[in-house]
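1. After the sequence you'll find the predicted model.
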Amino acid sequence: MAYNAVTVQSSATLIVPANNRRRQLILDNTGTADIFIGPDSAITTSNAPSLRAGSTLVFDANFNRGAIYGIVVTGTGTMAYWEMSE
């Protein structure tokens with residue numbers, strides 16, 4: 001298991017790297033800013049879905065084993081994650 005809290009900037013920020021052994025990934029937006037998330041550093045606040053402040057999202061391995069990037073409109077946000085692997 002791996003876990004961390006990442007400060008997400010107004011430019012694409014790597015939240016969690018790809019992991020082919022991932023079984024589950026929990027993203028928890030613990031900050032006050034909405035964080036837009038996507039699979040690569042080409043994400044913007046207009047082409048990615050947002051995870052609202054205070055919200056949690058759970059991915060299983062059938063959905064995503066790739067990297068997750070985040071970006072905020074202005075300032076910074078905080079995304080905590082827990083990753084369970086084989």
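-> Sure thing, it's come through.
2. Let me see the ranges of the helices in the chain.
-> Counting by DSSP state H, the chain has no helices to list.
3. can you list contacts of stretch 65-73?
-> For stretch 65-73, contacts defined as C-beta atoms under 8 Å, 6 or more residues apart in numbering pick out 6, 8-22, 25, 27, 33-41, 43-45, 48, 51, 77, 79, 81. For the C-beta atoms, the positions are set from N, CA and C on the backbone; glycine is no exception.
4. Which members of those residues are classed as buried?
-> Those of the contacts of stretch 65-73 that meet the buried threshold are 6, 8, 12-13, 15-16, 19, 22, 25, 27, 33-38, 43, 48, 51, 77, 79, 81, by 16 or more other C-beta atoms under 10 Å.
5. So which elements touch the worst-scoring helix or strand of the chain on mean pLDDT?
-> When the helices and strands of the chain are scored by mean pLDDT, DSSP states H and E, strand 56-60 comes last with a mean of 92. For strand 56-60, the packing partners by 3 or more C-beta pairs under 8 Å, 6 or more residues apart in numbering; DSSP states H and E come out as strand 22-29.
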